[in-house]
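> I would like the atomic coordinates for the input below:
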Amino acid sequence: MTDWIDIQYKDKHYPAYLPASITNHQIEPKLRQAFEQLDQQLVEQLGGLPNDYQRFGLRYQAGGESAKRGVSISRQRIAMLGCCSNDDRQAKQINHWIEALQRVTTDISRIKNFTLSSLQGLFHQLLDNKGKPVHIRHKQSWVGSDDIAKAVYIPPPVASMNALLSDLCLFLNRDDIPATAQAALAFAQFITIHPLRDGNGRFARALSNGILIRRLKLPVTPPTCLYFVGEGTAAYKSALTEFQSKGAIYQQYKKTLANEGALPQSKSDSALLACQDKMIAAFLSMWKNATQWSIKQHLPLLDTLQNFEHNRKTTLADGVWKKFSPLLIQQPVFTIDSIKGPLSMSVSKINIAIEQLEKAGIIEKAPVAKAQKQVMWCVPAVLKALKNFDQHSFLSSSRNKAVLALPPSLNQQANHPLMQQPLRQKIEILTPFINHRQHNPSDKL
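Have a look, this model is predicted:
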């Protein structure tokens, strides 16, 4: 059962949270039915997409990751990493996160029986801020402040890590609850356990995505977690607070208990279980809303990309298109050198295909800096789809409207040659997600 444990840190005592087991948790019937319908909706709307969309999905979800960490980044900067030599450390950092997240998500989706050992192997693949593998923490941690006395949340002590993670593994091995509900509870429980020194949020997102891919056979998952850093921030924080027994539900339980005085152990346990069910239901309800929001935002973006097939029918042979289409989605800015390896085609054949793609209006030449010797091409539809997704689903939240003003250095980029192309449709295409670091006007796009 849920409990608060007294821990000692530097000769002082603080309450750490010990979450309840979720191994055998049963969802109440009405909520279960809602999540079963949500599973069906995901399969119907996302199940038929090509597998190449997974990395594309991770690419735009990485924007929320970078924003959360205060890193100013644009999609073009990430896309250009693979096609020109540069020393863009921020873009490389985000790209490392994307690659590590993709590896971990894929491996999670393939695991049939989770164990503590398999979880530890997955942790090792995740990267921390310095690009090193992460490990289970061996010291007490806390969240929300550098000072434990001012912490928003103090997770379980180190001694309970193995037991809590083993309990989570048993829950992950279940297949008798809706996949979306399992993904939500796994996310919340992992965040609550907080077993890693760094990367708890990233692994929780990979875990929830991997569950959906494994259980529902989805090629791509909805960007549910972008809801948490966009317009759903308050709802997410409130639901997580309830899940971690720090919200109104738990406080009402304590108040009722105090008013009724001493209760028999059986009634006290029953009241606590009822309280826990309500706390879990609150988080599940928020997750359901977040998933429905993300599906709504996701579909127009994917529809744009699927128009590729229509545009190329009279242009490229099926075999050539089959090789090119994944790259156009995954690498919307490219040079011949950056794609000749993955394509396994001769340069002459690549040139012919590029010429045909240009005639079809699928790609176009991108102006480059004088130092860049090779010609670059870009895929306007992909970049535009990303920009529209950001603008309508992420940047549109009231929380982020105030940070849309561009610093002087970015305004100066408005006359950059790339901005004069059809990609331009306003400066937003190079606008970072949120929190552009105003104190760093030298940041180059």
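
> Where does the record place the domain boundaries for this structure?
With automatic domain parsing as the criterion, the domains of the chain are listed as 20-297, 303-380.

> Endpoint to endpoint, the last one covers what distance?
According to Cα to Cα, to the nearest Å, domain 303-380 extends 14 Å from its N-terminal end residue to its C-terminal end residue.

> sorry, back to before: among the domains of the chain, which is the most enclosed?
Highest mean neighbour count among the domains of the chain (mean count of other Cβ atoms under 10 Å): domain 20-297, with a mean of 18. Heads up, the C-betas are built off the backbone N, CA and C, glycines and all.

> Need the distance between the two termini of that one.
End-to-end distance for domain 20-297: 34 Å, by Cα to Cα.

> ok, now stretch 228-239?
With Cα to Cα, one end of stretch 228-239 sits 11 Å from the other.

> Now tell me which helix or strand of this structure has the poorest mean pLDDT.
Sorting the helices and strands of the chain by mean pLDDT, DSSP states H and E puts helix 408-411 at the bottom, at a mean of 33.

> List the contacts of Ala206.
Contacts for Ala206 were tallied using Cβ atoms under 8 Å, 6 or more residues apart in numbering; they are 101, 104-105, 108, 122, 126.

> Inside helices: which ones of those?
The members of the contacts of Ala206 that map onto helices under DSSP state H are 101, 104-105, 108, 122.

> mind putting the residues you listed in a markdown table, distance to Leu116 included?
Output for these, formatted as a markdown table (distance: Cβ to Cβ, whole Å):
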| residue | distance to Leu116 |
| --- | --- |
| Leu101 | 22 |
| Val104 | 16 |
| Thr105 | 20 |
| Ile108 | 15 |
| Leu122 | 11 |
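
> Quickly name whichever of these is closest to Ser270.
Ranked by distance to Ser270 (Cβ to Cβ), the ones in helices among the contacts of Ala206 are led by Ile108 at 35.5 Å.

> Settle this for me: that closest one is touching Ile211, isn't it.
Yes: using Cβ atoms under 8 Å, Ile108 is in contact with Ile211, at 7.2 Å.

> still on that earlier bit, a markdown table please, covering the ones in helices among the contacts of Ala206 and showing distance to Asn351 and pLDDT.
Listed next are the ones in helices among the contacts of Ala206 as a markdown table, based on distance: Cβ to Cβ, whole Å; pLDDT from 0 to 100:
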| residue | distance to Asn351 | pLDDT |
| --- | --- | --- |
| Leu101 | 34 | 81 |
| Val104 | 37 | 90 |
| Thr105 | 35 | 89 |
| Ile108 | 40 | 95 |
| Leu122 | 42 | 92 |
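
> Roughly how far does Gln330 sit from Ser245?
Distance of Gln330 to Ser245, computed by Cβ to Cβ, to the nearest Å: 42 Å.

> same deal with Lys323?
On the measure of Cβ to Cβ, Lys323 and Ser245 end up 53 Å apart.

> so Ser245 sits right up against Lys278, yeah?
No: using Cβ under 8 Å, Ser245 makes no contact with Lys278, being 10.9 Å away.

> show me the contacts for Ala239.
Taking Cβ under 8 Å, 6+ apart, one finds 282-283, 285-287 in contact with Ala239.

> mind putting the residues you listed in JSON lines, secondary structure and pLDDT included?
Below are the contacts of Ala239 laid out as JSON lines (DSSP: H, G, I helix; E, B strand; the rest coil; pLDDT from 0 to 100):
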{"residue": "Ala282", "secondary structure": "helix", "pLDDT": "93"}
{"residue": "Phe283", "secondary structure": "helix", "pLDDT": "94"}
{"residue": "Ser285", "secondary structure": "helix", "pLDDT": "94"}
{"residue": "Met286", "secondary structure": "helix", "pLDDT": "94"}
{"residue": "Trp287", "secondary structure": "helix", "pLDDT": "94"}
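
> which among the residues you listed gets closest to Leu116?
Nearest to Leu116 among those, with distances taken as Cβ to Cβ, is Phe283, at 24.2 Å.

> quick one, strands of the stretch 1-150 of the chain?
With DSSP state E, counting those that start in this stretch as the criterion, the stretch 1-150 of the chain has strands at 3-9, 12-18.

> nope, the stretch 251-400 of the chain is what I meant
According to DSSP E, counting those that start in this stretch, the strands that the stretch 251-400 of the chain contains are 333-334, 364-366, 376-378.
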